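Got a sequence here, can you model it:
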Amino acid sequence: MYQMSPTGPRSMRVSLIATLAFLFIFFLLQTVTKTSSQDIVSTATTLSQKAILRTSGESTSSTTQSSNKAVKHDPIDDIQNSTLGFGAVLLLSLPSRTDRQDAMSLITSMTNFSITEIIPGVLSDEVDEKARPYGPAMDKLMTPKFYNYIGSWRSHMNLFRHIIDRKYETTLVLEDDLDWDIHLKSQLTSFAKGLRSSLLRRPYTQDELERAPYGLDWDMMHLGSSKVQLPPPPRDRAYQVYHDSYRAPAEVSSSACTSNGYFCWTELMDHAGVDDHQRIIFPSYDSIGLSAFAVTYRGAQRLLYYLSYKELVDTLDRSIDDLLMRGNIRGWTVVPPLMGEWKTKGNRDTNLRVLSADTPVGLGNMGGISPGMNWSVRKAMVDAHEGEDYWKSESPYWTQAWAMSSTFSDVEGKPHENAEEKKPEAAGSDGKSSENKN
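Model prediction:
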């Protein structure tokens, strides 16, 4: 009987181990060779790039940084978009003032931006007695002179609540009687750059640099004030001067100055020593007027808390002014303002103030004015739409078409003779047409 040698299985195990070891070493060498080849190509490419960079006088690191800067998005560029770099543009307007809403659609289209939503204004009679604001302001607001301010207060509270519910991070709020410069986007760009370079605030965070053209360190920004004051000394030196090529000269920007200090900017500009191409930014302290302002999400929360949940100490703009002076909210004010009121000098100018019954209708939009605006968008709109006579400008084409075509079609599409249509034959002495009867 055949018997296997005791060394047989052992030899097979050795052979198997040797084979596996050989295969392992083979694949390892293949991997190392491939990696080394890739490294060589990569190294050669890098050296080639460095050689080219040295030839152009640049280093690898500086070129990489320059490339990153070129590709990186600057949020200030977002000011050119349809919401001027804000999360939304909200228009506050009474539903009945469709005339003003028409005007706002026209002038926003002239400046290439859009109203995101219209927040309906509220009349005082629509505010339930139990929902009226609590606080010392009510004694004043229940008088005939200030009664309409209750509706104004409620309108703004609805607006702040809307911002919170929609979670808009930043919002531009416009009233419906505004005018602004045709170069508004350039002015806002200069304003944003002034904020970014300001020493009055902490340096911009990386988050702000990446997505917030106006920063996020504020609750409210007054862009269309009617009356402002710097804080008392020494804080009256806390302002930032920045360049704006499209600022109106002093004689224009302060042309509406009133005896009680509204729309008067000359004193502030003299205080800061600015020229006709500069504006001033400063922390809001005594800033009156809500024609145009911006608010952050946090600012909307704070304003709704202080002005509705807590108490109202005066009319809305005066109550906000009080919060600014107390330091309960933080903000920025720009002078001269970037936006202003449009006035037609009649009873259409306001739904807030009580006017006498004999107040005239006014001059209408075509006779309206916006003191302080150098290149009014409303006046630019008139120039863009007026002055063309369609009948005159297009008549050469019609004349040419008339000469080239023998027939035209009427409204129903039926052909008819043109101006050179056949004349009826002259009638004979007997009243009948003189036909050739052969």
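
and residue 118, bridged to which residues?
Listed by DSSP bridges, the beta-bridge partners for residue 118 are residue 91.

Let me see the contact set for it.
Counting by C-beta atoms under 8 Å, 6 or more residues apart in numbering, residue 118 makes contact with 90, 91, 92, 93, 101. From N, CA and C alone the C-beta is placed, and that goes for glycine too.

which residues touch the first one?
Put plainly, it is residue 90. For residue 90, the residues meeting the contact criterion (C-beta under 8 Å, 6+ apart) are 115, 116, 117, 118, 119, 159, 162, 163, 171, 172, 173, 174.

Poorly predicted segments of the stretch 1-150 of the chain, please.
Confidence mapping of the stretch 1-150 of the chain against pLDDT under 70 gives the ranges 1-71.

returning to what we had before: would you mind checking the contacts of residue 118 for buried ones?
Buried members of the contacts of residue 118, scored by 16 or more other C-beta atoms under 10 Å, are 90, 91, 92, 93, 101.

Let's have those residues in CSV, adding distance to residue 363.
As requested, the buried ones among the contacts of residue 118 are exported to CSV (distance: C-beta to C-beta, whole Å):
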residue, distance to residue 363
90, 29
91, 23
92, 24
93, 21
101, 20
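
can you pull out the helices in this protein?
Ranges of helices within the chain are 8-55, 60-71, 98-110, 137-141, 149-166, 184-196, 206-211, 250-253, 266-272, 297-304, 316-326, 377-385, 390-393, 395-404, based on DSSP state H.

Leaving out chain neighbours, which residue sits closest to the residue nearest the centre of the chain?
Central residue of the chain (C-alpha atoms, centre = their mean): residue 84, 2.1 Å from the mean position. With sequence-adjacent residues excluded and distances taken as C-beta to C-beta, 6 or more residues apart in numbering, residue 84 is closest to residue 113, at 5.4 Å.

Number of residues surrounding the one you found?
For residue 113, the count of nearby residues is 22 (other C-beta atoms under 10 Å).

quick one, what contacts it?
Neighbouring residues of residue 113 by C-beta under 8 Å, 6+ apart: 81, 82, 83, 84, 89, 185.

Just the buried ones among these, please.
Neighbour-count burial (16+ other C-beta under 10 Å) is assigned, among these, to 83, 84, 89, 185.

what's the distance between the third one and residue 152?
Think residue 89. Residue 89 sits 20 Å away from residue 152, going by C-beta to C-beta, to the nearest Å.

If I look at the residue nearest to residue 268 when sequence neighbours are not counted, what pLDDT would I see?
Of all residues beyond its chain neighbours, the one nearest residue 268 is residue 335 (5.2 Å), with distances taken as C-beta to C-beta, 6+ apart. Predicted confidence (pLDDT) at residue 335: the value is 96.

How about the one 3 residues further on?
Per-residue pLDDT puts residue 338 at 96.

In this model residue 204 seems to touch residue 196, though I could be wrong.
Yes - using C-beta atoms under 8 Å, residue 196 and residue 204 qualify as a contacting pair, with a distance of 6.0 Å.

Those two: which is more packed in?
A count of neighbours by other C-beta under 10 Å puts residue 196 above the other of residue 196 and residue 204, at 20 against 17.

Enumerate every residue touching the more buried one.
Each residue near residue 196 by C-beta under 8 Å, 6+ apart is listed here: 76, 204, 215.

related to what we said a few turns ago, which residues are common contacts for residue 196 and residue 204?
When contacts are counted by C-beta under 8 Å, 6+ apart, residue 196 and residue 204 are jointly contacted by residue 215.

in stretch 252-271, what counts as buried?
Within stretch 252-271, the residues scored as buried using 16+ other C-beta under 10 Å are 253, 254, 256, 257, 263, 264, 265, 268, 269.

ok, the second one touching residue 264?
Yes - proximity of residue 254 to residue 264 meets the contact threshold set by C-beta under 8 Å, at 6.1 Å.

Now the buried members of the contacts of residue 90.
Taking 16+ other C-beta under 10 Å as the criterion, what is buried in the contacts of residue 90 is 115, 116, 119, 159, 162, 163, 171, 172, 173, 174.
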